[in-house]
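J.: need coordinates for the following:
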Amino acid sequence: MVRLNRIYTRTGDDGSTGLVDGSRVSKASHRPVVMGSVDEANAAIGLARLTTAPATDAILSRIQNDLFDLGADVATPDGIDGALRIVPAQVAWLEGQIDAATAMLAPLTSFILPAGSPAATHLHLARTIVRRAERDAVAAGDEVSATARHYLNRLSDLLFVLARVENAGAGGDVLWVPGANR
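T.: I've put the predicted structure just below:
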């Protein structure tokens, strides 16, 4: 159970933050950078949920919870028994959602712009933030598990496909027209 009695502690005023094991690291070090990007992605997904269809909202609700698991995983150094970790089944669930959503869509014949319906546009924004979180996780090396990195990679793919699903119900994707403004 998580219990937050106070929101501010003043312990981070020196530019450090605490990890699950009680150790302190610079807020500019790899783990807190990844945790911040994952938190930003989660907030962007929350924003997208304001405009998505109920089926998409249900998927995003589960993802938001998983992203808290992922944040706990990143905040926990190796060697802690019983630590909350992202597991391969969570990655496999994303893959199943990607496959199911893709089956409902026409094949792509062009790159698409991150635009269209409000829901799709919010999902594209969340996708780009997840891509940054993934880059941050890769930069962190062994401080972030391979499974957590796989989760972020699949999540950005799923957000792309969900944006397409949302656009399919609102007039279709906005296609890139190469060289249109030359």
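J.: centroid residue for the protein?
T.: Here the mean C-alpha position of the chain is nearest to the C-alpha of residue 130 (C-alpha atoms, centre = their mean), at a distance of 4.2 Å.
J.: got phi/psi on that residue?
T.: phi -60, psi -40 (degrees, to the nearest 10).
J.: which pLDDT does the model give it?
T.: Confidence at residue 130, expressed as pLDDT, is 98.
J.: quick check: the gap between it and residue 41.
T.: Distance, residue 130 to residue 41, by C-beta to C-beta, to the nearest Å: 5 Å. Every C-beta, even on glycine, is put in place using the N, C-alpha and C of the backbone.
J.: could you do residue 117 as well?
T.: In terms of C-beta to C-beta, residue 117 sits 20 Å off from residue 41.
J.: what sits against the residue nearest to the centre of the chain?
T.: Residue 130 makes contacts with 41, 152, 155, 156, 159, as judged by C-beta atoms under 8 Å, 6 or more residues apart in numbering.
J.: cutoff 10 Å now
T.: By C-beta atoms under 10 Å, 6 or more residues apart in numbering, the residues touching residue 130 are 37-38, 40-42, 44-45, 63, 67, 151-160.
J.: PyMOL command for the buried members of these?
T.: Of the contacts of residue 130, the buried ones can be selected in PyMOL as follows, counting by 16 or more other C-beta atoms under 10 Å:
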select buried, resi 37+38+41+42+44+45+63+67+151+152+153+154+155+156+157+158+159+160
